[in-house]
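**Q** Okay, here's the prediction I keep looking at, along with the sequence it came from:
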Amino acid sequence: MPLVSAEKFVKAARENGYAVGGFNTNNLEWTQAILRAAESKKAPVLIQTSMGAAKYMGGYKVARNLIANLVESMNITVPVAIHLDHGHYEDSLECIEAGYTSIMFDGSHLPVEENLAKAREVVELAHSKGISVEAEVGTIGGEEDGIVGKGELAPIEDAIAMVETGIDFLAAGIGNIHGPYPENWEGLDLDHLKKLTEAVPGFPIVLHGGSGIPDEQIQEAIRLGVAKVNVNTEGQIAFANATREFSRAYDADEAGYDKKKLFDPRKFLAPGIKAVQDAVEDRIDVFGSANKA
Ligand code: 13P
């Protein structure tokens, strides 16, 4: 299946009470793991790169072409969108040029009028090329690839104004945080989410910081109007833990690994990558998007 804009499948998720996953990738193997998971679960999916991850991979064109070529060579049949996660204005324009099929313009650090004005510009250009657009009001707490948010609840009037710019889905701060949640985290502000979704009825909301939120809270947020959940840290932790365990078992000579082959990255990375696939499949089940392709 060719790459698609995320507009239709995120809207379908909102209308039918489930959420699709926006899964961050870092490299070729990570992308394969997400695609395998989406295909095995028959789930539509967004594969997203942060600005930092795209830079790490060699730039937006490399990242876009890598994902697109894997979709083709792996004979992926589920809808896949290639999405820019938390893009600055210039990076949003660059990704539109590079062939991303979905963009998050993140102007949440700007004065609100500027955030709205730039979102309008990104929408106009992206929509003229059939590319979906996400934008953010309020801020997501925590830090991701140098983007630091202190976590402000999204003001309702800003959310309404942002939806009016013509974006396709809205990221809104509701007490969510990028990265692992601290022990004393108070949980999602579901009352605020309810106020938000009542102010923009039927509009798809994006939940960032999807790693480590208790499943029941995620599912309640989906019931209230979240239609896309972003997951990055969870895959990274799964990968790191499985790789560490592989290394430990190898050193302890537990699993009878062929010591001569430790240097082969195809062997060394395999358990970690399988763990990423398992984590993505598990999230797809929790979000309810299995068999929705
Ligand atoms: P986590 O790293 O907390 O899963 O957040 C991912 C995210 O929101 C990407 O935008």
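**A** Everything's here; your move. Numbering: from 1, shown residues only.

**Q** Quick check: residues of the stretch 101-250 of the chain near the ligand?
**A** 178, 179, 208, 209, 210, 211, 230, 231, 232, 233, 234 (Cβ under 6 Å from any ligand atom). C-beta here means a position set from N, CA and C on the backbone, and glycine is covered the same way.

**Q** swap the cut-off to 8 Å and go again
**A** Contact residues (Cβ under 8 Å from any ligand atom) of the stretch 101-250 of the chain with the ligand: 104, 140, 142, 144, 171, 176-180, 207-212, 230-236.

**Q** Would you mind listing which of those residues are buried?
**A** Using 16 or more other Cβ atoms under 10 Å as the burial test, these include 104, 140, 142, 144, 171, 176-179, 207-211, 230-236 as buried.

**Q** So which of those sit within strands?
**A** Among these, the members found in strands (DSSP state E) are 104, 142, 144, 171, 207, 230, 231.

**Q** wait, the first one sits on residue 131?
**A** No - distance between residue 104 and residue 131: 11.2 Å, which falls outside the contact criterion (Cβ atoms under 8 Å).

**Q** Rank the ones in strands among the buried ones among the residues of the stretch 101-250 of the chain next to the ligand by pLDDT and give me only the lowest.
**A** Across the set of these, residue 144 stands lowest in pLDDT, at 58.

**Q** Tell me the secondary structure at residue 227.
**A** Counting by DSSP: H, G, I helix; E, B strand; the rest coil, the backbone at residue 227 sits in strand.

**Q** what's the neighbour count on it?
**A** Neighbour count for residue 227, taken as other Cβ atoms under 10 Å: 28.

**Q** Quick check, it in contact with residue 200.
**A** No - at 12.0 Å, residue 227 does not count as touching residue 200 under the criterion of Cβ under 8 Å.

**Q** got a list of what residue 183 touches?
**A** By Cβ atoms under 8 Å, 6 or more residues apart in numbering, the contact list for residue 183 is empty.

**Q** Which secondary structure state does it sit in?
**A** Looking at residue 183 with three-state DSSP, the answer is coil.

**Q** all helices for the stretch 51-200 of the chain, in order.
**A** 51-57, 60-73, 89-98, 112-128, 156-163, 190-199 (DSSP state H, counting those that start in this stretch).

**Q** Adding mean neighbour count and mean pLDDT, write those helices out as TSV.
**A** Supplementary listing: the helices of the stretch 51-200 of the chain in TSV, determined by neighbours: other Cβ atoms under 10 Å; pLDDT from 0 to 100:
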stretch	mean neighbour count	mean pLDDT
helix 51-57	19	98
helix 60-73	18	98
helix 89-98	19	98
helix 112-128	17	98
helix 156-163	18	97
helix 190-199	17	96
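
**Q** closest to residue 263 out of those helices?
**A** helix 51-57 (22.4 Å; Cβ to Cβ).

**Q** any bit of that closest one sitting next to the ligand?
**A** No - with Cβ under 8 Å from any ligand atom as the criterion, the ligand is not reached by helix 51-57; the gap is at least 10.1 Å.

**Q** Could you shift the numbering so residue one becomes 64, and keep it that way?
**A** All right, first residue 64 from here; so that's helix 114-120.

**Q** my read: residue 273 touches residue 294, true?
**A** Yes - at 4.3 Å, residue 273 counts as touching residue 294 under the criterion of Cβ under 8 Å.

**Q** list the residues that contact both of these two?
**A** Counting by Cβ under 8 Å, 6+ apart, the shared contacts of residue 273 and residue 294 are 84, 346.

**Q** Could you check how many residues crowd around residue 193?
**A** A total of 10 residues lie near residue 193 under the criterion other Cβ under 10 Å.

**Q** what residues are up against the residue lying closest to it once chain neighbours are set aside?
**A** Closest residue to residue 193 apart from its sequence neighbours, by Cβ to Cβ, 6 or more residues apart in numbering: residue 68 at 5.4 Å. Going by Cβ under 8 Å, 6+ apart, residue 68 touches 144, 164, 165, 193, 194, 195.

**Q** Give me the buried subset of the residues you listed.
**A** Buried by 16+ other Cβ under 10 Å: 144, 164, 165, 194, 195, out of the contacts of residue 68.

**Q** isn't the first one right up against residue 67?
**A** So the one you mean is residue 144. Yes - if you go by Cβ under 8 Å, residue 144 and residue 67 touch, sitting 5.7 Å apart.

**Q** intersection of neighbour lists for these two?
**A** Counting by Cβ under 8 Å, 6+ apart, the contacts common to residue 144 and residue 67 are residue 164.

**Q** Show me which residues of the longest strand seen in the chain are buried.
**A** Longest strand in the chain, counting residues (DSSP E): strand 143-150. Buried residues in strand 143-150, counted by 16+ other Cβ under 10 Å: 143, 144, 145, 146, 147, 148, 149, 150.
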